[in-house]
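Enquirer: just to be clear, the model below is a prediction. Sequence and coordinates:
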Amino acid sequence: MARTKGQHVEKKKSKTAQVTKAKSVKGGKAAKASSKQSMTTAVGRPVTDDQTSVTAKTTENSGYVMLQDTYLVEKLAHFTRERIPERIVHAKGAGAYGYFEVTDDISKYTCAKFLNKVGKKTPLFIRFSTVGGEKGSADSARDPRGFAIKIYTEDGNYDIVGNNTPIFFIRDAIKFPDFIHTQKRDPQTGLKDATMFWDFLSLTPESVHQVTFLFSDRGTPANFRHMNGFASNTWMFYNDKGETWWFKWHFKTDQGIKNLTAQEAEELAGSDPDHSTRDLFESIEKGDYPSWTAYVQIMTPQQAKKYRFDPFDVTKVLFHKDFPLIRVGRIVLNKNPENFFAEVEQAAFAPSNIVPGIYPSPDKMLQARLFAYNDAHRYRLGVNSEMIPVNQPKGTTVYSNERDGHMNTGRNFGPTANYYPNSVNPYGEADGIPEAPVITFRDAAIARHRVPETDDDDFFQAGEIWRRVLSDYDRDHLISNLAGHMGGALKRIQYRQTALFYKADKEYGTRLSEALDLDVKKVKSLAAMSDQERAAATANGTKW
Ligand code: NDP
């Protein structure tokens, strides 16, 4: 079976795994005799017998195990603690090392050093993932794919933490925990539930653009190599003159886009649930290194003020004809991790890891993400997660006055002073680094600012996918993918959600109505209502 083959490849290629194999497979005396380095306890005491517990032998039996067999206790106690908290999102993933190479000069926009010279290569680590499923879930699930990049620059780590989609379901992070709950399991049954999924989305019309993307075949990429990546949020570039631009990252796969049909995805979930993880590892192992071409879209502050869409709303794209892609460089992945847990499971990415030359935009989702990711790592890995080798900056030396904390595995800065200012340490504040620009808020009004409901832009871009981007084949699949999933939701919720697609494009809504056997006239009337009216008309207890 393919699964066994994958495991075999991994062991064969890894020196560490070979040692383990010699010991654990052959075991007993033969293994001991051939080992140069003996097995030890966690603190280095040689282990002379890894197969037999210490017991009290009597004439009747030898089964009473002695607590004094501290090696047995250590072994069991460590085993029961092998799992760390699973990521609440993006639990299932795979990763690899590589580099970012600059191919085109964009230094007029940014003083980010890793971008300052054509030909410059900076090492990186990438982790791809699905979002909603648990650690053992299938790689082929219909789900956005995480696309998280850690570039080890000379100014510290720069993390680009995005998805394989240029947009997101919601534009305000206050909705995020609820949104994720609906993608996970029902609190009573512990089952995934199409009704809770569509109930939330149909009451959150801003999601219709991303939902359209997700239910096209791009929602089930063939694997991690054949999909694009995006930072999704809008960010700021600034140069050393203090000039600023808004920008978006795009990473286009050089392997070409390849997707699975719903049927192929379903079959793979049964026959090879780890197929993307395996595909990435095996491709790199055989020297077929995947790569992506990196582009940015650049917008001036003046253009941002006048653009017809809110450029900081992550449910929207910047149209290419308005802001063409500008090539910057490429990403190549050419080295597999040696240990999945150490390097992939413990990898921790955060959009707040930025370098001089790059700064956040007033995208509400991004602003909250700046807090949430490192907060998640503090919970999952501890306050010193940056000391884990895969997370350590590699292009610079860290000096800070942050000290101590759980699992402080480094030198803890030895004898250096842990306060600033001081007159003893040879470190001070950095000189000559351009400051991020001053941002002024004139008459900023502090309130819960809602996007007015009349904002039909939420539907326009979803409609554009239907009208301009999808082929007939893609449209057929979008409709059948949607109908296949929505068919599991309550009828009133099917009506409410279909009305949103109808608002995006009449033909889109009509075709889905037909596929779900809904009354198109009723869908049309729901589409004409305000959000509140539509919610009331399809509330719990209404008959459809
Ligand atoms: P264009 O019409 O200039 O180009 C179409 C874009 O859609 C390309 O980026 C293409 O990516 C992508 N695409 C092609 N097929 C699919 C598909 N089945 N599902 C999703 N995306 C696909 O784009 P515009 O900027 O004028 O935007 C039109 C619509 O395209 C938008 O409403 C948006 O939904 C979608 N789109 C826009 C992107 C952007 O950043 N502007 C990015 C991706 C999608 P590729 O070259 O990789 O095939």
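Expert: Thanks, I have it.
Enquirer: test my guess that Ile331 contacts Phe251.
Expert: Yes: with the criterion set as Cβ atoms under 8 Å, Ile331 and Phe251 qualify as a contacting pair; they are 6.3 Å apart. Every C-beta, even on glycine, is put in place using the N, C-alpha and C of the backbone.
Enquirer: overlap in contacts of the two?
Expert: In the contact map built from Cβ atoms under 8 Å, 6 or more residues apart in numbering, the residues linked to both Ile331 and Phe251 are 292, 294.
Enquirer: compare these two (neighbour count), which wins?
Expert: When Ile331 and Phe251 are compared for neighbours, Phe251 comes out ahead with 25 against 22, by other Cβ atoms under 10 Å.
Enquirer: helix/strand/coil for the more buried one?
Expert: Taken by DSSP: H, G, I helix; E, B strand; the rest coil, the conformation at Phe251 corresponds to strand.
Enquirer: so it sits against Arg145, correct?
Expert: No: using Cβ under 8 Å, Phe251 makes no contact with Arg145, being 11.9 Å away.
Enquirer: quick one, helices of the stretch 51-200 of the chain?
Expert: Listed in chain order, the helices of the stretch 51-200 of the chain (DSSP state H, counting those that start in this stretch) span 70-79, 176-183, 194-202.
Enquirer: pick the most buried one from those.
Expert: Of the helices of the stretch 51-200 of the chain, the one with the most neighbours on average (mean count of other Cβ atoms under 10 Å) is helix 194-202, at a mean of 21.
Enquirer: dump the helix or strand following that one to CSV, restricted to CA.
Expert: Using DSSP states H and E, the helix or strand that follows helix 194-202 towards the C-terminus is helix 208-215. The C-alpha atoms that make up helix 208-215 are tabulated as CSV, following Å, rounded to 0.1, in the frame of the first residue of the first chain:
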residue,chain,number,x,y,z
VAL,A,208,-20.0,34.4,-0.5
HIS,A,209,-16.9,35.3,-2.5
GLN,A,210,-14.7,32.8,-0.6
VAL,A,211,-17.4,30.2,-0.5
THR,A,212,-17.5,30.4,-4.3
PHE,A,213,-13.8,29.9,-4.5
LEU,A,214,-13.9,27.0,-2.0
PHE,A,215,-16.6,25.1,-3.8
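Enquirer: what mean pLDDT does the helix or strand following helix 208-215 have?
Expert: Sequence order places strand 229-230 as the next helix or strand after helix 208-215, per DSSP H and E. What strand 229-230 shows for mean pLDDT is 98.
Enquirer: I'd like to know which elements strand 229-230 is packed against.
Expert: Helices and strands touching strand 229-230, as assessed by 3 or more Cβ pairs under 8 Å, 6 or more residues apart in numbering; DSSP states H and E, comprise strand 145-153, strand 156-163, strand 244-253.
Enquirer: that one: how far from the chain's middle?
Expert: Relative to the centre of its chain, strand 229-230 is centred 10 Å away, using Cα atoms, centre = their mean, to the nearest Å.
Enquirer: quick check: mean pLDDT of the following helix or strand past it?
Expert: Stepping forward along the backbone from strand 229-230, the first helix or strand reached (DSSP H and E) is strand 235-238. Rounded to a whole number, the mean pLDDT of strand 235-238 is 98.
Enquirer: ok, residues contacting strand 235-238?
Expert: Looking at what lies outside strand 235-238 - Cβ under 8 Å, 6+ apart - the contacts are 106, 109-112, 244-249, 296, 298, 357-361, 366, 434, 436-437.
Enquirer: mind giving me the PyMOL command for buried ones among these?
Expert: The following PyMOL selection, which keeps only the buried ones among the contacts of strand 235-238, applies the criterion 16 or more other Cβ atoms under 10 Å:
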select buried, resi 106+109+110+111+112+244+245+246+247+248+249+296+298+357+358+359+360+361+366+436
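Enquirer: quick check: closest non-adjacent residue to the residue nearest the centre of the chain.
Expert: Note on the chain: the residue nearest the mean C-alpha position is Gly146, at 2.9 Å, using Cα atoms, centre = their mean. Nearest in space to Gly146, with sequence neighbours left out and distances taken as Cβ to Cβ, 6 or more residues apart in numbering, is Ser129 at 3.7 Å.
Enquirer: same question for Tyr399.
Expert: Counting by Cβ to Cβ, 6+ apart, Tyr399 lies nearest to Tyr427, which is 4.6 Å off, once chain neighbours are set aside.
Enquirer: including mean pLDDT and distance to the ligand, could the helices of the stretch 51-200 of the chain go into TSV?
Expert: What follows is the helices of the stretch 51-200 of the chain, written out as TSV (pLDDT from 0 to 100; distance: least, Cβ to the nearest ligand atom, whole Å):
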stretch	mean pLDDT	distance to the ligand
helix 70-79	97	45
helix 176-183	97	19
helix 194-202	98	17
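Enquirer: adding distance to Asp443, write those out as a markdown table.
Expert: Written out in a markdown table, the entries for the helices of the stretch 51-200 of the chain read as follows (distance: least, Cβ to Cβ, whole Å):
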| stretch | distance to Asp443 |
| --- | --- |
| helix 70-79 | 59 |
| helix 176-183 | 29 |
| helix 194-202 | 35 |
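Enquirer: nearest to Thr41, out of those helices?
Expert: Shortest distance between Thr41 and the helices of the stretch 51-200 of the chain, using Cβ to Cβ, is found for helix 70-79: 5.6 Å.
Enquirer: what are the contacting residues of the closest one?
Expert: 41-42, 45, 47, 53-54, 65, 67.
Enquirer: over to stretch 172-187?
Expert: With Cβ under 8 Å, 6+ apart as the criterion, stretch 172-187 contacts 88-89, 131-132, 143, 169-170, 191-193, 196-197, 199-201, 204, 364-365, 367-369, 372.
Enquirer: one more time with 7 Å
Expert: 88-89, 132, 169-170, 191-193, 196-197, 200, 204, 364-365, 368-369 (Cβ atoms under 7 Å, 6 or more residues apart in numbering).
Enquirer: and which of the residues you listed is nearest the ligand?
Expert: Taking Cβ to the nearest ligand atom as the measure, Phe169 is the one of the contacts of stretch 172-187 closest to the ligand, at 13.4 Å.
Enquirer: not counting its neighbours along the chain, what's nearest that closest one?
Expert: Residue nearest to Phe169 in three dimensions, not counting chain neighbours: Ser207, with 4.1 Å by Cβ to Cβ, 6+ apart.
Enquirer: so what's the one you found up against?
Expert: Ser207 makes contact with 169-170, 201, according to Cβ under 7 Å, 6+ apart.
Enquirer: what are the boundaries of the strands in this protein?
Expert: Here the chain has its strands, by DSSP state E, at 55-56, 64-65, 93-102, 121-130, 145-153, 156-163, 229-230, 235-238, 244-253, 291-299, 326-335, 358-360.
Enquirer: would you reformat those strands as CSV and include distance to Asp519?
Expert: Written out in CSV, the entries for these read as follows (distance: least, Cβ to Cβ, whole Å):
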stretch, distance to Asp519
strand 55-56, 74
strand 64-65, 70
strand 93-102, 43
strand 121-130, 35
strand 145-153, 36
strand 156-163, 35
strand 229-230, 38
strand 235-238, 45
strand 244-253, 40
strand 291-299, 42
strand 326-335, 48
strand 358-360, 46
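Enquirer: distance to the ligand for the ones you listed - can I get that in TSV?
Expert: Output for the strands of the chain, formatted as TSV (distance: least, Cβ to the nearest ligand atom, whole Å):
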stretch	distance to the ligand
strand 55-56	64
strand 64-65	60
strand 93-102	20
strand 121-130	16
strand 145-153	13
strand 156-163	11
strand 229-230	7
strand 235-238	14
strand 244-253	6
strand 291-299	7
strand 326-335	13
strand 358-360	19
